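J.: return a 3D structure for these sequence lines:
(one chain, ligands or ions: 1)
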Amino acid sequence: MPTNSQPYILGTDAQELHRLGIQHQIWATEAQKGWNLADFKAGQTILDLGCGPGFCSKELAYIVGESGKVLGVDLDEGYIQHLTQVADLYHLNMDGICSDFNDLQLLNNSLDGMYCRWALAWIPNPKEVLQKVYDALKPGGKMVLHEYYDWSTHQTEPQLPGLNKAIAACLKSFKDQKGEIDIGRELPKLVADLGMNVTGIRLMHKLGTPENLIWQWPKTFYYSYFPRLVKMGLLTQAEAKQAFKDHKTLEKDRNTTLFCPMMVEVIAEKI
Ligand SMILES: C[S@@+](CC[C@H](N)C(=O)[O-])C[C@H]1O[C@@H](n2cnc3c(N)ncnc32)[C@H](O)[C@@H]1O
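T.: Numbering: from 1, shown residues only. Okay, here's the model as predicted:
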């Protein structure tokens, strides 16, 4: 059993797995762009840190091919089982490692690259974890990191007070947890402090409308997370109900826009 003294705030149930799938559909092209910029290629060993069910691990496994290997690390056993089944089903060279980042052991000089998306925001010690990965990278090895730059940018136009309140409660819950939700903005300095060369920084934004797929990203998040906020005592049942009502109102107007939380890509190379 992996060590996990403080629970991971977003949970890992079936609804969350489905949400991660939609999220991946929306963000896959950005991930692929980052991997291209980092020149991830056949024959390499790539770590997918905080891989979840392995949506990115699977794509990376096609990139590294038969002569390479993907290691997917996550603390959730169900997600790692899912990844292992996908590896078997598609005959992919990828291994799932069920471990808390704190217990993870990596061999020095064993990795050509590492990808990490939305995993450093939930832990109290991203620097320590990145140090561990740095030690495992070969010289010339690359990290591609995708995290929030500013979650507070998340908003709709027009704005409705019930939904605004629930979005503010989300941000409060993220600020109260053990990690830094906007860890993305700290990453260039963090990796530079490890002695890495930052080779790329790129802001990534998404604008949803009720008719596009992007709309489904925050929507599936609201339906999974607002009930959790009620359990946490950060929203009442009535406030959650009003937020969903506001969301339905906004969804009826095809001209509503929804700005997703601003993300950043940081690419760094071990010298
Ligand atoms: C928002 S999900 C992102 C999953 C995946 N990177 C993706 O983009 O689809 C964050 C993942 O980090 C994992 N995680 C959170 N804290 C962790 C820790 N301390 N050790 C290992 N995995 C962790 C969670 O189990 C979850 O699967």
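
J.: find the residue at the geometric middle of this structure.
T.: What sits nearest the mean C-alpha location of the chain, by CA atoms, centre = their mean, is Trp118, with 2.2 Å.

J.: check contacts around the one residue in the stretch 1-150 of the chain that gets nearest to the ligand.
T.: At 2.8 Å from the ligand, Gly52 is the closest residue in the stretch 1-150 of the chain, using CB to the nearest ligand atom. Where you see a C-beta, it was placed from the backbone N, CA and C, and this is true even at glycine. Going by CB atoms under 8 Å, 6 or more residues apart in numbering, Gly52 touches 17, 20, 74, 76, 79.

J.: roughly how far apart are the first one and Pro53?
T.: Right, the one you point to is Leu17. 5 Å (CB to CB, to the nearest Å).

J.: residues that sit against both of those two, list them.
T.: Contacts common to Leu17 and Pro53, judged by CB under 8 Å, 6+ apart, are 79, 82.

J.: comparing these two, which residue is more hemmed in?
T.: Pro53 (26 against 16; other CB atoms under 10 Å).

J.: mind pulling up the phi and psi values for that one?
T.: Backbone dihedrals for Pro53, given as degrees, to the nearest 10, come out at phi -70, psi -10.

J.: list the contacts for it?
T.: Pro53 touches 17, 20-21, 79, 82-83, 86, counting by CB under 8 Å, 6+ apart.

J.: which parts of the stretch 1-150 of the chain sit against the ligand?
T.: Proximity of the stretch 1-150 of the chain to the ligand, by CB under 6 Å from any ligand atom, involves residues 8, 10, 12, 20, 24, 50-52, 55-56, 74-76, 79, 100-101, 117-119, 122-123.

J.: one more time with 5 Å
T.: 8, 20, 50, 52, 74-76, 100-101, 117-119, 122-123 (CB under 5 Å from any ligand atom).

J.: among these, which ones are buried?
T.: The neighbour-count test (16 or more other CB atoms under 10 Å) applied to these identifies 8, 20, 50, 52, 74-76, 100-101, 117-119, 122-123 as buried.

J.: just the ones of these in strands?
T.: Residues of these located in strands (DSSP state E): 74, 117.

J.: turn the contacts of Gly52 into TSV, columns for distance to Asn212 and pLDDT.
T.: Below are those laid out as TSV (distance: CB to CB, whole Å; pLDDT from 0 to 100):
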residue	distance to Asn212	pLDDT
Leu17	22	87
Leu20	19	91
Asp74	29	97
Asp76	30	93
Tyr79	27	92
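
J.: these two touch, right, Ala268 and Asp193?
T.: No. Contact criterion CB atoms under 8 Å: Ala268 and Asp193 do not qualify, at 10.7 Å.

J.: tell me which of those two has more neighbours.
T.: Legend: neighbour count by other CB under 10 Å for Ala268 and Asp193, higher for Ala268 (28 against 11).

J.: and Asp176, how far from Pro261?
T.: To Pro261, Asp176 is 17 Å away according to CB to CB.

J.: and Asn36, what element?
T.: helix 14-37 (DSSP states H and E).

J.: my read is Pro210 is in a helix, agree?
T.: No. Using DSSP: H, G, I helix; E, B strand; the rest coil, the assignment for Pro210 is coil, not a helix.

J.: OK, contacts around the closest residue to it other than its chain neighbours?
T.: With sequence-adjacent residues excluded and distances taken as CB to CB, 6 or more residues apart in numbering, Pro210 is closest to Glu251, at 4.7 Å. Residues in contact with Glu251 (CB under 8 Å, 6+ apart) are 210, 215, 219.

J.: what helices or strands is the top strand by length along the chain leaning on?
T.: Ranked by residue count, the top strand of the chain under DSSP E comes out as strand 137-150. Packing partners of strand 137-150 (3 or more CB pairs under 8 Å, 6 or more residues apart in numbering; DSSP states H and E): helix 14-37, strand 111-117, helix 126-136, helix 187-193, strand 196-204, strand 262-270.

J.: now find how far off-centre it is within its chain.
T.: Offset of strand 137-150 from its chain centre (CA atoms, centre = their mean, to the nearest Å): 13 Å.
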